[in-house]
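**Student:** Fold the following, please.
(one chain, ligands or ions: 2)
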Amino acid sequence: MAPHADIGPGSSNEVAATAHKDLFTVNSPNVVYNANEIRSKYTYRTTLVSQNADGKYVATPKETVYDFKVERKIPKTGMMLVGWGGNNGTTVTAGIIANRRGLKWDTREGSRAANYYGSVVMGSTMKLGTDAKTAKDVNIPFHDVLPMVHPNDLVIGGWDISGMNLSAAMDRAAVLEPTLKMQVHKEMAAMVPLPSIYYPDFIAANQEDRADNLIAGSKACLEHVEKIRKDIRDFKAVNNLEKIIVQWTANTERFAEIIPGVNDTADNLMKAIESGHEEVSPSTVFAVACILENTPFINGSPQNTFVPGAIQLAEKHNAFIGGDDFKSGQTKMKSALVDFLISAGIKLTSIASYNHLGNNDGKNLSSQRQFRSKEISKSNVVDDMVEANTVLYKKGEHPDHTVVIKYMPAVGDNKRALDEYYAEIFMGGHQTISLFNVCEDSLLASPLIIDLVLIAEMMTRIQWKSSSSDGAATKDFKNFHSVLSILSYMLKAPLTPPGTPVINALAKQRGALTNIFRACVGLEPESDMTLEHKLF
Ligand SMILES: NC(=O)c1ccc[n+]([C@@H]2O[C@H](COP(=O)([O-])OP(=O)(O)OC[C@H]3O[C@@H](n4cnc5c(N)ncnc54)[C@H](O)[C@@H]3O)[C@@H](O)[C@H]2O)c1
Ligand SMILES: O=P([O-])([O-])O[C@@H]1[C@@H](O)[C@H](O)[C@@H](O)[C@H](O)[C@@H]1O
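**Tutor:** Ligands and ions are numbered 1, 2, ... in the order given. Model prediction:
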């Protein structure tokens with residue numbers, strides 16, 4: 001049996017890492033390149049605000065000097081998906097194979113070619129600067145800002161409670177055109193998900209008929225943690241990998257109850273797993289296994305995988321985690337539109353978000369407890385934008401917001417999202433925005449899975465220290481905080497380091513991602529001031 005890896009013509013042994021060519025170098029005394037690293041000294045400028053006795057704000061500019069170190073060598077990287085046999089898992093796998101081989105296929109609208117549309121890293125650009133002669137903007141592919149893995153080079157594997165091979169699972173998903181599927185059929189038929197853990201109470205009962213590829217045991221135990229850790233090590237060894245990123249793209253679980261003494265601390269969580277506590281979910285067991293294996297783990301679903309004990313464990317082991325819930329279509333649009341409306345001074349008073357879909361995700365979400373997980377992640381996405389505008393909203397005031405999801409098998413993966421945004425405008429007027437948004441869910445989510453892997457892997461090669469004079473200096477280089485909030489742009493319910501704010505506004509999320517990567521090569525944040533076009 002194939003070692004559950006991508007063993008096609010582009011298989012791990014044959015995939016030659018795409019040679020990385022630096023598209024640019026930074027000409028600055030603060031940036032030094034050597035064969036292995038890029039070192040930069042970056043001054044981070046913020047404004048500290050305090051209030052004086054009469055309540056007036058006092059704004060004080062603050063500068064913190066950071067040293068960043070970026071490893072330039074691009075490691076051979078594996079992507080292991082939990083839920084590999086699902087719509088997203090099969091679609092992203094077929095998509096990477098198709099891109100790797102430069103496939104074209106016929107459709108009713110004519111020939112189509114493989115692409116990475118919908119991936120920020122592979123499909124978007126950022127402004128590098130302005131042309132020294134013409135003063136015109138110079139934009140570069142996002143992928144070229146730092147030495148990042150190319151998705152074509154990813155070695156793919158994973159787990160599923162369904163033992164169906166990836167070709168049959170791709171047919172079951174009914175996402176891709178037959179003329180494309182037939183070209184990747186052979187490679188995908190050779191891919192078989194590893195058996196996984198299945199605790200029935202956490203996903204809808206209607207998923208039981210898929211569960212034929214199981215690791216023994218129906219509740220958490222240390223053996224499950226160790227089996228998953230071994231799977232990761234074996235996958236790494238068989239494919240001669242240097243890095244692995246694991247992502248949960250399995251079914252949405254019900255929320256786990258946070259129980260003091262069970263999952264509130266790292267030690268209690270490990271004891272709970274050892275004792276087989278029934279409130280420990282499969283996704284939390286995967287997270288713990290990845291943390292202990294120092295393998296970044298990202299949760300693409302809305303459940304609270306990262307119970308407090310899991311976050312504490314990640315911090316303790318200096319391991320990366322990220323989540324929750326891919327932000328693919330209806331919510332992505334919401335996080336941009338709400339930001340636009342509120343920052344335009346328009347008082348949004350209600351948001352009605354309805355959608356129906358017919359894929360297996362929709363089937364799982366037709367169960368109330370799983371829907372509740374999704375309802376939470378889809379509902380909280382406007383909080384930061386509302387709270388930031390105290391001109392429009394009094395403290396605690398917010399728009400009405402309802403989320404409805406219905407399972408309609410007929411539409412398959414092509415979710416229909418209907419939204420109404422209702423707002424108060426000048427002098428008692430109203431604005432009503434109605435959206436009808438057909439989201440081909442897996443084709444929107446798959447590029448996000450790729451972005452999450454590429455960015456999480458990049459973060460394992462970036463370290464920082466502060467040479468600040470204000471006593472916050474750190475002597476040695478260290479990783480970013482274990483909770484990768486830099487991944488927020490791809491996620492509906494961004495996980496952030498405990499006690500730090502959650503930012504959902506799409507433009508702010510992209511700005512953070514872009515400007516942190518720019519800072520790693522000593523470049524200032526993208527500024528839209530364009531003073532060079534105003535002051536002359
Ligand atoms: N646009 C999107 O598709 C989108 C957006 C946001 C979030 N999500 C989330 O991504 C996840 C996957 O979506 P999908 O459309 O691929 O769903 P899917 O139902 O097609 O795939 C999920 C897969 O997970 C498997 N699975 C379930 N429990 C498992 C376990 N314990 N271990 C291993 N495998 C397990 C199932 O057998 C199935 O093959 C869902 O949770 C969904 O809510 C999807
Ligand atoms: O990302 P998004 O389009 O806002 O949200 C989607 C929901 O609308 C859909 O019902 C669900 O099945 C997907 O998993 C995804 O969560």
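**Student:** buried stuff in stretch 347-366?
**Tutor:** 347-349, 351, 353, 355-365 (16 or more other Cβ atoms under 10 Å). All C-beta atoms are positioned from the backbone trio N, CA, C, and that covers glycine.
**Student:** now stretch 247-262
**Tutor:** 247-256, 262.
**Student:** follow-up on the earlier one: list just the nearest of the buried residues of stretch 347-366 to residue 190.
**Tutor:** Using Cβ to Cβ, residue 360 comes nearest to residue 190 of the buried residues of stretch 347-366, at 23.0 Å.
**Student:** Of all the residues in the stretch 1-150 of the chain, which one is nearest ligand 2?
**Tutor:** residue 88 (8.8 Å; Cβ to the nearest ligand atom).
**Student:** Report the contact partners of residue 148.
**Tutor:** 20, 74, 121, 454-455, 457-458 (Cβ atoms under 8 Å, 6 or more residues apart in numbering).
**Student:** Skipping its backbone neighbours, what lies nearest the residue of the stretch 1-150 of the chain found nearest ligand 1 in space?
**Tutor:** Distances between the stretch 1-150 of the chain and ligand 1 by Cβ to the nearest ligand atom are smallest at residue 86, namely 1.9 Å. Sequence neighbours aside, residue 249 is the residue nearest to residue 86 in space, at 6.2 Å (criterion: Cβ to Cβ, 6 or more residues apart in numbering).
**Student:** What distance do you get for that neighbour to residue 317?
**Tutor:** Per Cβ to Cβ, to the nearest Å, residue 249 is found 23 Å from residue 317.
**Student:** Count the residues that sit near residue 338.
**Tutor:** Residue 338: 25 surrounding residues under other Cβ atoms under 10 Å.
**Student:** go on, residue 434?
**Tutor:** Residue 434, neighbours per other Cβ under 10 Å, totals 10.
**Student:** looking at this, it is in a helix?
**Tutor:** No - the assignment for residue 434, made by DSSP: H, G, I helix; E, B strand; the rest coil, is strand rather than a helix.
**Student:** How far off centre is the longest helix that the chain contains?
**Tutor:** Looking across the chain with DSSP state H, the single longest helix is helix 441-459. Relative to its parent chain, helix 441-459 has a centroid offset of 6 Å by Cα atoms, centre = their mean, to the nearest Å.
**Student:** which helices and strands does it pack with?
**Tutor:** strand 77-82, helix 87-101, helix 120-123, strand 243-248, strand 297-299 (3 or more Cβ pairs under 8 Å, 6 or more residues apart in numbering; DSSP states H and E).
**Student:** what's the distance between the next helix or strand after it and the middle of its chain?
**Tutor:** Next in sequence after helix 441-459, counting helices and strands by DSSP states H and E, comes strand 462-466. Strand 462-466 sits 22 Å away from the centroid of its parent chain (Cα atoms, centre = their mean).
**Student:** Could you do stretch 487-499 as well?
**Tutor:** 9 Å.
**Student:** Need the distance between the two termini of it.
**Tutor:** The first residue of stretch 487-499 is 17 Å away from its last residue (Cα to Cα, to the nearest Å).
**Student:** isn't residue 299 right next to residue 324, touching?
**Tutor:** Yes - the criterion here is Cβ atoms under 8 Å, and residue 299 meets it with residue 324 at 4.8 Å.
**Student:** Looking at the buried residues of stretch 247-262, which are in strands?
**Tutor:** Mapping these onto strands (DSSP state E) picks out 247-248.
**Student:** in the chain, what spans have low per-residue confidence?
**Tutor:** 1-21, 468-472 (pLDDT under 70).
**Student:** if you set the cut-off to 90 instead, what comes out?
**Tutor:** Residues of the chain meeting the criterion pLDDT under 90: 1-22, 135, 467-475, 526-528, 530, 532-533, 536.
**Student:** Now do the domain split for it, please.
**Tutor:** 77-326+443-520, 329-440 (the TED database).
**Student:** Buried deepest among those, which one?
**Tutor:** With neighbours defined as mean count of other Cβ atoms under 10 Å, the domains of the chain peak in mean count at domain 77-326+443-520, which reaches a mean of 20.
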